[in-house]
Each structure stands twice: as C-alpha cells, then as structure tokens.
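**Q** only geometry, no sequence info:
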C-alpha cells in the first residue's frame, strides 16, 4: 500500500521569504511519480511541480523546487520569494507507474499562510 | 477550452435524499476521475472512466453511489439515500490516458453538505 504523510498541518511565512514544506511517503514500488498540488480558496487543485522517481535531478519550476531523497522517501517543496498568492493548501501526492491506471495517493495537506 | 467544470458548486440536502453531480471534462481527455475530499484530508480516489467504460471503483464507493459517463463525454455521480458521512467535496478530474502520469486537470469540486 502507498501512504503519503505531511507532518505540518499549517505553516506561515513572510512575503518574500523562503519556506519548505515536508512530505514523506511509503511504497514498495521502484518507479513512481511525485507531485505537489496547490489548492487555493477557489478549491481547484493546481499542479505546482512534478518529479519522476528515476530522475536524480531535483525538479524546479520558477520559484518552486523540490528536494527529492529517494532512499529516505522524502519529497519536500521549497517556495522562494513567497508571494501573497501562494497562500493555499498544499498537497503532496504519489502516483504509481507500474500499471495501466495511474492513481493518486494524497497526503493530508499543509495550509500555507503568506503574510504581508 | 475552459477546463474541467463541475455543477453544482454547493449542494445542501437532507439525509435520505438523492443527489446528482455533473462533471464536464476537457473535451479531448478520454479519462475522467472522481475523488472525494473530506475536511482536513487530501482527496481519495473513488472511480475512473476511460471513454464511457468505468474501469475501476474504490471500496469507498458503496452501492449507494453510482457514476456514469454516457458517450464518453460528461459524467454524473449520484448518491442515493444520502448520509451525514457523505458530506465532503467531490472532485472531478480529467486527462489523456497516455499522459495521466503527468497529472490530471481538476475541477473546482462540488461541496456536499448532508443535514
């Protein structure tokens, strides 16, 4: 079974500062994908960043980057130069790559508040 | 393309009533997914379709739940004899089958409150 754990229910950061959200996961699969999704008050889940487990290089998307530690099963998200629009729930998610159907397993989320 | 649309946005119903939600996916996407998100939790998989075929259902989907995707376009999720435990946000998402591992496009959800 796949599980995803986000141990920080809520975090705050000042505008323009850097914050890191933690995520650990458990799986016996060797190949999989990891994602961070953002859910603002509008409720739509928006893809922030994606990592393929067989790639050692950490993914980056503008101000967002990840620290992927496969052996430790850790996948943290770093947000640089935080903006007010980054205020949202952030969900870490795992997707298997072994079968024809790719299902998400989500963590319980971290609520990020960016303060002016 | 306006993305994935869900209707209604909110639904309040009395216990025991039936409710139906609609999802319109991105038009060229052949896969459509339903997830349920309860308060303080991440979304959990309910079921998915490839074209009009329902290919997998979660154990969360009791026999009071039924989903359809006629003609492989929009989908409906019906809950019969609603219970308070059904209160949640129901999220729909879509993707192309051969690109699903790049992630899905989600809608804004239907929030169901059973009173």
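**A** Everything's here; your move. Fair warning: this is a prediction, and the values are worked out from it, not measured in the lab.
**Q** could you check whether stretch A:55-66 is close to chain B?
**A** No: between stretch A:55-66 and chain B, judged by Cβ under 8 Å from any Cβ of the partner chain, nothing touches; the nearest distance is 12.3 Å. For the C-beta atoms, the positions are set from N, CA and C on the backbone; glycine is no exception.
**Q** Just say helix, strand or coil for residue A:78.
**A** Assigned with DSSP: H, G, I helix; E, B strand; the rest coil, residue A:78 falls in the strand class.
**Q** repeat for residue B:100
**A** When classified by three-state DSSP, residue B:100 comes out as helix.
**Q** From chain A, how far off is it?
**A** Distance, residue B:100 to chain A, by Cβ to the nearest Cβ, to the nearest Å: 5 Å.
**Q** Around chain B, pick out the residues from chain A.
**A** Residues of chain A lying near chain B by Cβ under 8 Å from any Cβ: A:4, A:33, A:35, A:37, A:42-47, A:50, A:91, A:93, A:95, A:97, A:101-104, A:106-109.
**Q** Any quick PyMOL command for the buried ones out of those residues?
**A** Typed into PyMOL, the line below selects the buried ones among the residues of chain A next to chain B, using 16 or more other Cβ atoms under 10 Å in any protein chain shown:
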select buried, chain A and resi 4+33+35+37+43+44+45+47+50+91+93+95+102+103+104+106+107+109
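**Q** quick one: residue B:45 and chain A, what's the gap?
**A** Residue B:45 sits 5 Å away from chain A, going by Cβ to the nearest Cβ.
**Q** count of residues packed around that residue?
**A** Other residues lying near residue B:45 total 19 when counted by other Cβ atoms under 10 Å in any protein chain shown.
**Q** And it, how close does it get to residue B:95?
**A** Using Cβ to Cβ, to the nearest Å, residue B:45 is found at 13 Å from residue B:95.
**Q** Now list whatever residues contact both of those two.
**A** Shared contacts of residue B:45 and residue B:95, defined by Cβ atoms under 8 Å, 6 or more residues apart in numbering or on different chains, comprise residue B:33.
**Q** Give me the spatial nearest neighbour of the residue in chain A that chain B sits nearest to, chain neighbours excluded.
**A** Closest to chain B within chain A is residue A:106: 3.0 Å, counting by Cβ to the nearest Cβ. Leaving aside its sequence neighbours, residue A:106 sits nearest to residue B:42 (Cβ to Cβ, 6 or more residues apart in numbering or on different chains; 3.0 Å).
**Q** That neighbour contacts residue A:109, doesn't it?
**A** Yes: judged on Cβ atoms under 8 Å, residue B:42 makes contact with residue A:109 at a distance of 5.6 Å.
**Q** Need the residues touching each of the two.
**A** Taking Cβ under 8 Å, 6+ apart as the contact rule, residue B:42 and residue A:109 both touch residue A:91.
**Q** and residue 79, what is it in contact with?
**A** Using chain A here. Shown in contact with residue A:79 (Cβ under 8 Å, 6+ apart): A:13, A:18, A:19, A:20, A:21, A:63, A:64, A:86, A:112.
**Q** Let me rephrase: I mean chain B.
**A** Here residue B:79 is in contact with B:18, B:19, B:20, B:64, B:65, B:86, B:112 (criterion: Cβ under 8 Å, 6+ apart).
**Q** phi, psi of residue B:84?
**A** For residue B:84, the backbone dihedrals (degrees, to the nearest 10) come out as phi -60, psi -30.
**Q** How much space separates the nearest residue to it once chain neighbours are set aside from chain A?
**A** Sequence neighbours aside, residue B:114 is the residue nearest to residue B:84 in space, at 5.0 Å (criterion: Cβ to Cβ, 6+ apart). From residue B:114 across to chain A, the span is 19 Å (Cβ to the nearest Cβ).
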